[in-house]
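**Q** fold the stuff below for me.
(one chain, ligands or ions: 1)
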Amino acid sequence: MSDFLQLGSPNERPRAPRLDELDLKFSDQALAELDELYSHYPDKKSCILPGLWIAQREYGGYLNGEAIAEVAYHLKRSYAEVEGVATFYSMYNTVHAVGKHMIEVCTCLSCQVCGAYPVAEYLKKKLGVGFGETTEDGVFTLHEVECLNACDRAPVLQVGSSYHGPVDEKSIDALLENLRAQEESTVIQMANDIVKVQTGPLKSK
Ligand code: FES
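**A** Numbering: from 1, shown residues only. Prediction:
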């Protein structure tokens with residue numbers, strides 16, 4: 001069975017790697033970005049959130065124990081502290097590895113009344129997976145999410161940094177086709193976009 005299909009549980013966390021087990025993976029670019037971040041904040045603790053975005057990009061879209069430990073190592077914080085932050089926010093992928101593209105389906109009220117559940121069922125049938133699962137080929141992960149703050153476009157999907165809506169079966173078919181043809185992972189792209197914003201020039205007041 002594919003690793004992608006083995007669902008983790010938020011309550012079943014991996015053992016924290018020991019310091020002597022760490023195989024640091026941050027690229028030179030990532031280390032330079034961390035240095036830049038240090039100049040934006042009063043202390044390293046304040047860099048946990050942007051540091052986790054760097055890790056999400058560097059570790060292929062998934063914050064496993066090693067990724068969290070590496071952030072803790074660079075920021076000189078405890079593993080427990082960084083893991084506590086990472087697992088609090090749903091945009092960090094800490095439960096299981098995700099596919100190249102994550103399709104997030106809003107099923108909150110406005111989307112629901114505009115057909116979010118039939119949209120979700122169509123996606124499940126097309127991809128052969130349920131919410132929280134990844135296709136066998138590792139291309140798509142399907143997630144159910146709360147309001148994406150784009151209710152005027154209901155029913156809405158989010159893929160990486162882009163919103164798509166209102167969607168129907170035809171536009172979903174086109175979207176899936178475009179995503180399959182795309183070389184870059186929208187999960188990694190989004191993490192990189194967020195890192196760029198966070199390491200960008202500071203605006204003076
Ligand atoms: S309810 Fe779906 S974007 Fe707001």
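**Q** quick one: end-to-end distance for stretch 56-70.
**A** Start to finish, the residues bounding stretch 56-70 are 11 Å apart (CA to CA, to the nearest Å).
**Q** which residues are in contact with it?
**A** Outside stretch 56-70, the residues that touch it by CB atoms under 8 Å, 6 or more residues apart in numbering are 13-17, 22-27, 30, 52, 55, 79, 82-83, 86, 92-94, 96-98, 102, 185, 187-188, 191-192, 195. Bear in mind the C-beta positions are built from the backbone N, C-alpha and C, glycine included.
**Q** same thing but at 6 Å, please
**A** Around stretch 56-70, the neighbours that count as contacts under CB atoms under 6 Å, 6 or more residues apart in numbering are 14, 17, 22, 24-26, 30, 55, 79, 82-83, 86, 92-94, 97-98, 187-188, 191-192.
**Q** what subset of those residues is buried?
**A** When those are checked for burial by 16 or more other CB atoms under 10 Å, the buried set is 17, 26, 30, 55, 79, 82-83, 86, 92-94, 97-98, 187-188, 191-192.
**Q** looking at these, which are in helices?
**A** Counting by DSSP state H, the part of those found in helices is 30, 55, 79, 82-83, 86, 187-188, 191-192.
**Q** okay, now the domains of this protein?
**A** The record's domain split for the chain, according to automatic domain parsing, is 13-95+190-199, 101-184.
**Q** want to throw those domains into CSV with distance to the ligand?
**A** Below are these laid out as CSV (distance: least, CB to the nearest ligand atom, whole Å):
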stretch, distance to the ligand
domain 13-95+190-199, 15
domain 101-184, 3
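**Q** ranking those by mean pLDDT, which is last?
**A** For the domains of the chain, the weakest mean pLDDT is recorded on domain 13-95+190-199, namely a mean of 94.
**Q** how long is that domain end to end?
**A** From its first residue to its last, domain 13-95+190-199 covers 30 Å (CA to CA).
**Q** buried set for stretch 174-188?
**A** For stretch 174-188, the neighbour count (16+ other CB under 10 Å) marks 175-176, 179, 185-188 as buried.
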